[in-house]
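Novice: Structure here, sequence nowhere to be found:
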């Protein structure tokens with residue numbers, strides 16, 4: 001039978017424990033525990049408790065673990081620290097946060113490309129997490145600077161489950177957008193172009209070109225590569241994208257065709273920037289030369305973006321008529 005710590009079963013003064021055996025020889029010790037001023041009822045309770053303790057001095061019940069309780073806080077003035085349990089220790093439990101799950105599937109590989117444009121020149125870096133679960137081969141990335149401030153990014157994706165994102169730290173607080181022609185951009189908080197992305201070109205092992213695109217990430221100013229329309233049989237897939245931070249490389253005023261003319265030299269990315277370039281080209285031009293802001297100049301710029309991208313310079317004349325973009329296109333950008 002369990003032998004509790006002395007005092008652990010003592011109740012309020014005058015209470016008794018029915019059925020408890022008596023043990024007269026322990027009465028003096030009970031009196032000492034109760035104190036010299038104890039009431040007769042308290043002394044009787046102590047006698048009963050001590051008699052119960054004396055009758056429990058045999059071997060403990062094999063079905064009940066032996067416990068040792070700390071003295072109560074009321075009797076010692078110290079906080080109770082609990083009890084120590086004898087017997088076999090409890091079986092260790094596995095931490096669900098660290099133990100591997102038998103049915104867990106391998107994480108999809110991810111590739112994050114970081115674009116640094118703080119210097120005005122696109123510099124790329126990347127980090128890869130995990131091999132492709134289907135092929136065991138990781139995705140790879142390479143980049144080559146273009147002739148001015150941009151870069152050409154090439155991704156080799158061995159697995160359709162690979163997640164690819166393009167991160168632009170300089171655009172913190174900004175947003176991302178994509179256009180109908182699959183070009184895209186990351187912008188600053190005040191809607192200025194931070195990084196432009198041309199429509200990506202993909203090549204499958206059989207030489208075909210499955211449709212891929214850069215899409216805006218809702219969680220921040222970054223782009224994600226959308227491979228949803230690519231058949232798994234088209235992997236490994238090579239994806240090439242031209243990146244740039246501006247459409248306009250330089251401007252220079254001169255005389256042409258009998259009048260004042262502004263020669264605009266586009267960047268390498270500007271020539272392939274697509275609809276994204278059309279969105280940001282005018283702001284780029286005014287940032288390079290505010291004096292270009294005269295009627296008809298924006299339409300001339302847009303006309304060259306649409307139909308004369310490969311010309312060495314785009315010549316814009318402020319003396320040309322201020323007509324619609326359609327009329328400029330019909331006149332091959334040079335109405336009179």
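Specialist: Structure received. This one's a predicted model, so the numbers in the text were calculated from it and none came from an experiment.
Novice: Just the helices from the stretch 201-336 of the chain, written as ranges.
Specialist: Assigned helices in the stretch 201-336 of the chain, in chain order: 268-271, 274-288, 297-307, 325-330 (criterion: DSSP state H, counting those that start in this stretch).
Novice: now what about the shortest one, what contacts it?
Specialist: Put plainly, it is helix 268-271. 146-150, 196, 198, 242-249, 277, 281, 284, 305, 309-310 (CB atoms under 8 Å, 6 or more residues apart in numbering). Every C-beta, even on glycine, is put in place using the N, C-alpha and C of the backbone.
Novice: of those residues, buried ones?
Specialist: With neighbours counted using 16 or more other CB atoms under 10 Å, the contacts of helix 268-271 contain these buried positions: 146, 148-150, 196, 198, 242-249, 277, 281, 284, 305.
Novice: Inside strands: which ones of the residues you listed?
Specialist: Counting by DSSP state E, the buried ones among the contacts of helix 268-271 place 196, 242, 243, 244, 248, 249 in strands.
Novice: all strands for the stretch 151-300 of the chain, in order.
Specialist: Secondary structure of the stretch 151-300 of the chain (DSSP state E, counting those that start in this stretch): strands located at 151-157, 163-167, 175-178, 184-187, 193-197, 201-203, 213-216, 222-226, 237-244, 248-256, 259-266.
Novice: want to throw these into JSON lines with mean pLDDT?
Specialist: Below are the strands of the stretch 151-300 of the chain laid out as JSON lines (pLDDT from 0 to 100):
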{"stretch": "strand 151-157", "mean pLDDT": "96"}
{"stretch": "strand 163-167", "mean pLDDT": "94"}
{"stretch": "strand 175-178", "mean pLDDT": "96"}
{"stretch": "strand 184-187", "mean pLDDT": "98"}
{"stretch": "strand 193-197", "mean pLDDT": "98"}
{"stretch": "strand 201-203", "mean pLDDT": "98"}
{"stretch": "strand 213-216", "mean pLDDT": "95"}
{"stretch": "strand 222-226", "mean pLDDT": "96"}
{"stretch": "strand 237-244", "mean pLDDT": "98"}
{"stretch": "strand 248-256", "mean pLDDT": "95"}
{"stretch": "strand 259-266", "mean pLDDT": "96"}
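Novice: Run through who's touching stretch 313-321.
Specialist: Outside stretch 313-321, the residues that touch it by CB under 8 Å, 6+ apart are 256-257, 259-266, 292, 294-297, 300-301, 304, 308, 334-336.
Novice: Confirm that residue 125 sits in a strand.
Specialist: Yes: applying DSSP: H, G, I helix; E, B strand; the rest coil, one finds residue 125 inside a strand.
Novice: Next, the angle from the helix or strand containing residue 142 to strand 163-167.
Specialist: Per DSSP states H and E, residue 142 falls inside strand 140-145. Counting by axes from the mean of the first three to the mean of the last three CA atoms, to 10 degrees, strand 140-145 lies at 30 degrees to strand 163-167.
Novice: now that we're looking at the nearest residue to residue 248 once chain neighbours are set aside, how far away is residue 315 from it?
Specialist: Nearest residue to residue 248, sequence neighbours excluded (CB to CB, 6 or more residues apart in numbering): residue 284, at 4.4 Å. Residue 284 is 17 Å from residue 315, where distance means CB to CB, to the nearest Å.
Novice: Out of the helices of the stretch 201-336 of the chain, the one nearest residue 222 is which?
Specialist: helix 274-288 (15.4 Å; CB to CB).
Novice: relative orientation of that closest one and strand 248-256 in degrees?
Specialist: With the same axes, to 10 degrees defining the directions, helix 274-288 sits at 70 degrees from strand 248-256.
Novice: Can you spell out which helices and strands pack onto helix 274-288?
Specialist: For helix 274-288, the packing partners by 3 or more CB pairs under 8 Å, 6 or more residues apart in numbering; DSSP states H and E come out as strand 184-187, strand 193-197, strand 248-256, helix 268-271, helix 297-307.
Novice: Identify the neighbouring strands of the second one in the sheet and state each direction.
Specialist: Translated: strand 193-197. Take DSSP bridges as the rule and strand 193-197 pairs in its sheet with strand 184-187 (antiparallel), strand 237-244 (antiparallel).
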